[in-house]
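Visitor: fold the following, please.
(one chain, ligands or ions: 2)
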Amino acid sequence: MGKFKVVLTGQTWPSALEKIEEQCEVKVWKEANPIPRALLLEWLKEAEGLFSTGDVKVDAELLAAAPQLRVVAQASVGYDNIDIDACTERGVPFGNTPGVLVEATADLTFALLLAAARRIHEGWDHVRSGNWKSGSGIPFGVDLFGKTLGIVGMGDIGCAVARRAKACGLNIIYHNRSQRKDDELLQARYVGFDDLLHEADFIIVLVPLSNQSRGLFGTEAFAKMKSSAYFINASRGPVVNTDALYEALRNKQIAYAALDVTDPEPISGDHPLLSLSNILITPHVGSATFETRNRMANLAADNLLAGLDRKKLPACVNTSVNFV
Ligand SMILES: NC(=O)C1=CN([C@@H]2O[C@H](COP(=O)(O)OP(=O)(O)OC[C@H]3O[C@@H](n4cnc5c(N)ncnc54)[C@H](O)[C@@H]3O)[C@@H](O)[C@H]2O)C=CC1
Ligand SMILES: O=C(O)C(=O)CO
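Guide: Numbers count the residues shown, from 1 in each chain. Ligands and ions are numbered 1, 2, ... in the order given. Next up is the predicted model:
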């Protein structure tokens, strides 16, 4: 039997690539910019597997251009770029990478909260620019202990953030699609969305991007927050209306924002948000540790190889078309 034909939309980690290359003939897009759509569709004409690095839209048009496709695998837990219904209609299982990135992403999310609350990067700027002459001019932050953290989207990563927050003496409230059964264990209280906006000193967003969550944080939501509120988004940029966030920060309607994700992404160096002093942005690095990205690439490779073999994907989103 010949090797499977597979397309990779970007480079992946050597251990995952070696595994794939043992069984597949691969075409890899190696440029820094995303693969042009027309070229991707051309490459997919005979492909049996697609390994996505997250920067392509997988929709009905793409699937129609890939009649041999057996499986789509992506090295991420979020899959807002994938039309799951279109995959299911074509009987193509889609595999993502839940679980393996939870702790790394929770670390980064909590690091954003700490860095914002204690103005870490402003302190570093102060030292680096030679201004640390006396105690004057140092950036003052705010306490965490005894304050209220509101988590919107209490899934795997939200729960891992809650554990970290508990250790710092924060009281935790959360809003989710539905109330969890393990509130007591988490020591977190379920509240309505508006109550969370009113009560929280820190708000962390960890909901998947969907039609329901797109623009969830807009002018109205920011108006309901405390003027002392810290807003942290580590989910997806479009969950937040960027113009509304800019206005809320500029008018001091809220105190501070720390973002790992933006809309657009990447955000340009001359974007108005970057001119504000009460914001901190990291370049979508939630899961970006050597160990975690390696685990994600390997789980995605396992999903891909299982699908090519018509075997059950270890992590499948549209389980109705997963192999048994
Ligand atoms: N910044 C980064 O590098 C990373 C970002 N992410 C983002 O974080 C998201 C969450 O990841 P996990 O915790 O692993 O997913 P998960 O599926 O375990 O948790 C998501 C939670 O959000 C809830 N939810 C969904 N829609 C909602 C809505 N409209 N309103 C309120 N709650 C809602 C769900 O009920 C679930 O409890 C991913 O979908 C991805 O977009 C994930 C990994 C890394
Ligand atoms: O997994 C995801 O959804 C990411 O955003 C990158 O790890």
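Visitor: quick one: residues contacting the spatially closest residue to residue 156 that is not a sequence neighbour.
Guide: Once flanking residues are discounted, residue 156 sits nearest to residue 102: 4.7 Å by Cβ to Cβ, 6 or more residues apart in numbering. For glycine as for every other residue, the C-beta is placed from the backbone atoms N, C-alpha and C. Contacts for residue 102 (Cβ atoms under 8 Å, 6 or more residues apart in numbering) come out as 156-157, 160.
Visitor: and residue 245, how many neighbours?
Guide: As a burial measure, residue 245 scores 26 neighbours (other Cβ atoms under 10 Å).
Visitor: do the one 5 residues further on as well
Guide: The number of residues packed near residue 250 is 13, by other Cβ under 10 Å.
Visitor: quick one, phi psi at the nearest residue to it once chain neighbours are set aside?
Guide: Spatial nearest neighbour of residue 250, chain neighbours left out: residue 276 (6.4 Å); criterion: Cβ to Cβ, 6+ apart. With angles defined as degrees, to the nearest 10, residue 276 sits at phi -80, psi 150.
Visitor: coming back round to it: ligand 1 versus the residue nearest to residue 156, what's the distance?
Guide: From residue 102 across to ligand 1, the span is 6 Å (Cβ to the nearest ligand atom, to the nearest Å).
Visitor: on that earlier part again, so the residue nearest to residue 250 touches residue 247, yeah?
Guide: No - using Cβ atoms under 8 Å, residue 276 makes no contact with residue 247, being 10.6 Å away.
Visitor: now, of the contacts of residue 102, which are buried?
Guide: 156-157, 160 (16 or more other Cβ atoms under 10 Å).
Visitor: among those residues, which are in reach of ligand 1?
Guide: Counting by Cβ under 6 Å from any ligand atom, the subset of these that neighbours ligand 1 consists of 156-157.
Visitor: neighbours of the residue nearest to residue 250, how many?
Guide: What residue 276 shows, counting by other Cβ under 10 Å, is a neighbour count of 13.
Visitor: again with residue 37
Guide: Using other Cβ under 10 Å, residue 37 has 13 neighbouring residues.
Visitor: could I get the contacting residues of it?
Guide: residue 56.
Visitor: that one and residue 58, how far apart?
Guide: 11 Å (Cβ to Cβ, to the nearest Å).
Visitor: related to what we said a few turns ago, what's the closest of the contacts of residue 102 to ligand 2?
Guide: Using Cβ to the nearest ligand atom, the shortest approach to ligand 2 within the contacts of residue 102 belongs to residue 157, at 9.3 Å.
Visitor: what about the closest one, which helix or strand?
Guide: If you go by DSSP states H and E, residue 157 is part of helix 156-167.
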